[in-house]
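Everything below, folded, please.
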Amino acid sequence: MKSIPSYALYGEADSDREQDWLHWETIQSRSRLHDYRIAPHRHEQFLQILHLTGGSAQLTVDGAVFEVRPSTMVVVPALTVHGYVFSKDVEGIVVTLMERDVRAAGLGDLGAVVLRGNGELSGALDRLIEEADRPGAGHGVAMRALIALLVVAIYRAGRDGGQAGAGSSERSVLHAQAFRWLVDQRFRQTRRIADYAAEIGISPTHLNRVSREVLGASALAVIERRVALEARRMLLFSTLSIKQIGAELGYEDPAYFARFMKRALGVAPGKYRSRVLGFPHHKGEGTPGGETSLGLTRTEKEA
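Here you go, the predicted structure:
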């Protein structure tokens, strides 16, 4: 395998379909389709929580291997390379959340952790799923609050000694978290690895090593994915031309930006915009006719 695949859900290529607050399914329903072996892969924008309640699993996280038993929760952030081998009698659920919603809780990035389940963790997860399945008045507010409570429960379980293992040293995780925070703040201004390394206080070589170890990708790949994510949002949710979007993201050469986006999207940015939004493609222009309704669902508007 020349590269680690990036999926929406395992076995489903990244797509532009609308995402709700969360997706959940039983471990059996997905794993049996793949003979109970989930090959190493990663997710661009999703954080997953696996709650094992029966059977067993062998978990691989960034090259480290863990044996997972019932009453265990596994937290896998975006870009973390992970895979599973399940027993055929496995029971439990997998919950997939947008990492941006998890980070909005304000406790910083969650690292990859294997936690011993407890009442607070299980209860927080159950309440979140219940609200997602049966939305009521104030659904958006409730979901944000319940996601925050789940993040707090995970954070407390780790600090209280409930952590059963992790794939990277604490110092590496802290450096990786600092790097991702800096990328979010400064990706428009710089894509130089040396700039980020100097800010963190480590060498560019060490930053690359930490990025690969914890985030599952080189430092440059992490930066470029953040740039591509922002460009994709601007293509879909703004009326700026391709050239203007490139300038907003620090690309002075429109042709270079177009080539970069074609590599990231698989097609030229103008074609991507027209394909997803259903508009005719006008080279170098924004969406035809200026502002348009993007047909957002209620959940997307709240988000």
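
Send over the host helix or strand of residue 271 as CSV, restricted to the C-alpha atoms.
When elements are assigned from DSSP states H and E, residue 271 belongs to helix 269-277. Output in CSV follows, covering the C-alpha atoms of helix 269-277 (Å, rounded to 0.1, in the frame of the first residue of the first chain):
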residue,chain,number,x,y,z
PRO,A,269,-11.6,23.9,-8.5
GLY,A,270,-14.1,25.4,-10.9
LYS,A,271,-15.3,22.0,-12.0
TYR,A,272,-15.5,20.9,-8.4
ARG,A,273,-17.7,23.9,-7.5
SER,A,274,-20.0,23.5,-10.4
ARG,A,275,-20.3,19.7,-9.9
VAL,A,276,-21.2,20.0,-6.2
LEU,A,277,-23.5,23.0,-6.4
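
Quick check: residue 251 is in a helix.
No - with DSSP: H, G, I helix; E, B strand; the rest coil as the criterion, residue 251 is assigned coil and is not in a helix.

what pLDDT does it get?
The per-residue pLDDT reported for residue 251 equals 90.

which of the residues in the helix holding residue 271 are buried?
269-270, 272-274, 277 (16 or more other CB atoms under 10 Å). C-beta: built from backbone N, CA, C; applies to glycine.

Could you identify the most distant pair in these?
When the buried residues of helix 269-277 are compared pair by pair using CB to CB, the farthest-apart members prove to be 269 and 277, with a separation of 12.1 Å.

Now do the helices in the stretch 201-303 of the chain.
Taking DSSP state H, counting those that start in this stretch to define them, one finds helices in the stretch 201-303 of the chain at 204-210, 219-237, 242-248, 254-265, 269-277, 298-302.

Give me the helices and strands touching the fifth one, please.
Yep, that's helix 269-277 we're talking about. The elements that helix 269-277 packs onto, with contact taken as 3 or more CB pairs under 8 Å, 6 or more residues apart in numbering; DSSP states H and E, are helix 219-237, helix 242-248, helix 254-265.

Same check on the first one?
Other helices and strands packing on helix 204-210, by 3+ CB pairs under 8 Å, 6+ apart, are helix 170-186, helix 193-200, helix 219-237.

Out of those, which is closest to residue 135?
helix 219-237 (23.6 Å).

Poorly predicted segments of the chain, please.
For the chain, the stretches flagged by pLDDT under 70 are 1-19, 62-63, 108-109, 159-170, 279-303.

make it 80
Counting by pLDDT under 80, the ranges of the chain that qualify are 1-20, 62-65, 79, 106-113, 116-117, 157-174, 177, 214-216, 276-303.
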